[in-house]
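# Got a predicted structure plus its sequence, pasted below:
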Amino acid sequence: MNRMNKDRKMPVISIEGGEGTGKTTLIGMIQEYFAGKELDFIVTREPGGVKIAEEIRSVILDPKNTEMDGKTEALLYAAARRQHLVKKVFPACKAGKLVIFDRYVDSSLVYQGYVRGLGIEDVYQMNRFATEDFMPDLTVYIDLDPAIGMERINKNADREINRLDLEGMEFHYKVREGYKIIAERFPERIKTIDGDQTIEAVFNDVLKAIEAIL
């Protein structure tokens, strides 16, 4: 087990969901909420969060890179994740900060392990190596019908369109299936929230889940 799992003074939380589930808006609301509290925290994203990981992100999500092999994709995510942890997350945990991820290991288990067909267990073991078994105390999964999510994306002219947004609907429905499998595998960690509510209602449900472990 990674020493950071034992030594962390504040919880580590990840927010997960398919495309168009409103994660970015929710995380902004969470950030604003905690900014008004006497808590030292960071909000960070994957892939990305630090310079090298952001550069890897640009390769992974570039719409031109349609020929990318599934294993290459999984390895790039794991590499970005490792750099992110070492340079940003581990130091934050050591300093006693609350850490909130916009996506983490579960995204790889779903997108590469399940949807790309690489095998959830194989991708999990790859990420155990990359992260030294560093996992969140709580993962909030926003569950939403992919048809609604893609409709939201198409209506949002300001949203960055990445390579995953260009996949067909079958891909996005399989993503939802994958998250449900992962949620059943890790029920003690993953809390499922109904994303087909007003953003305020979803935020309140997410906040209750987070405050329960603080």
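That came through fine.
# going forward, measure contacts between C-alpha atoms and count neighbours the same way
Noted.
# Which neighbouring elements make contact with the helix or strand harbouring residue 200?
Here residue 200 is covered by helix 199-211, with elements defined by DSSP states H and E. If you count contacts as 3 or more C-alpha pairs under 8 Å, 6 or more residues apart in numbering; DSSP states H and E, helix 199-211 packs onto helix 23-35, strand 138-143, strand 190-194.
# Kindly recompute the last result at 6 Å.
Contact partners of helix 199-211 among helices and strands, from 3 or more C-alpha pairs under 6 Å, 6 or more residues apart in numbering; DSSP states H and E: none.
# Show me which positions of that helix end up buried.
Buried residues in helix 199-211, counting neighbours by 16 or more other C-alpha atoms under 10 Å, are found at 199, 202-203, 205-207, 209-210.
# Could you tell me the angle between that helix and strand 138-143?
160 degrees (axes from the mean of the first three to the mean of the last three C-alpha atoms, to 10 degrees).
# Now for residue 25, how many residues are close by?
12 (other C-alpha atoms under 10 Å).
# quick check: mean pLDDT across stretch 191-198?
Stretch 191-198 shows a mean pLDDT of 97.
# Where is the longest helix in the protein?
When the chain is parsed with DSSP state H, its longest helix is helix 169-185.
# Flag every buried residue along that helix.
Here helix 169-185 shows 171-176, 178-180, 182-183 as buried, counting by 16+ other C-alpha under 10 Å.
# and the buried residues of helix 199-211 as a markdown table, adding distance to residue 101?
Listed next are those as a markdown table, based on distance: C-alpha to C-alpha, whole Å:
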| residue | distance to residue 101 |
| --- | --- |
| 199 | 19 |
| 202 | 17 |
| 203 | 16 |
| 205 | 17 |
| 206 | 13 |
| 207 | 14 |
| 209 | 15 |
| 210 | 13 |
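# Pick the one among those residues closest to residue 98.
Using C-alpha to C-alpha, residue 210 is the member of those that lies nearest residue 98, at 10.8 Å.
# tell me the helices in the chain, going along the chain?
Under DSSP H, the chain gives helices at 3-7, 23-35, 51-61, 70-84, 90-94, 105-108, 120-131, 146-155, 169-185, 199-211.
# Residues touching the third one, excluding its own?
Right, the one you point to is helix 51-61. With C-alpha atoms under 6 Å, 6 or more residues apart in numbering as the test, helix 51-61 has contacts from 47-48, 80, 162-163.
# do the same with the longest one
In this structure, residues lying in contact with helix 169-185 by C-alpha under 6 Å, 6+ apart are 110, 114, 146, 190.
# among these, who's most crowded?
That'd be residue 110 among the contacts of helix 169-185, by other C-alpha under 10 Å, with 28 neighbours.
# Identify the residues contacting it.
Here residue 110 is in contact with residue 178 (C-alpha under 6 Å, 6+ apart).
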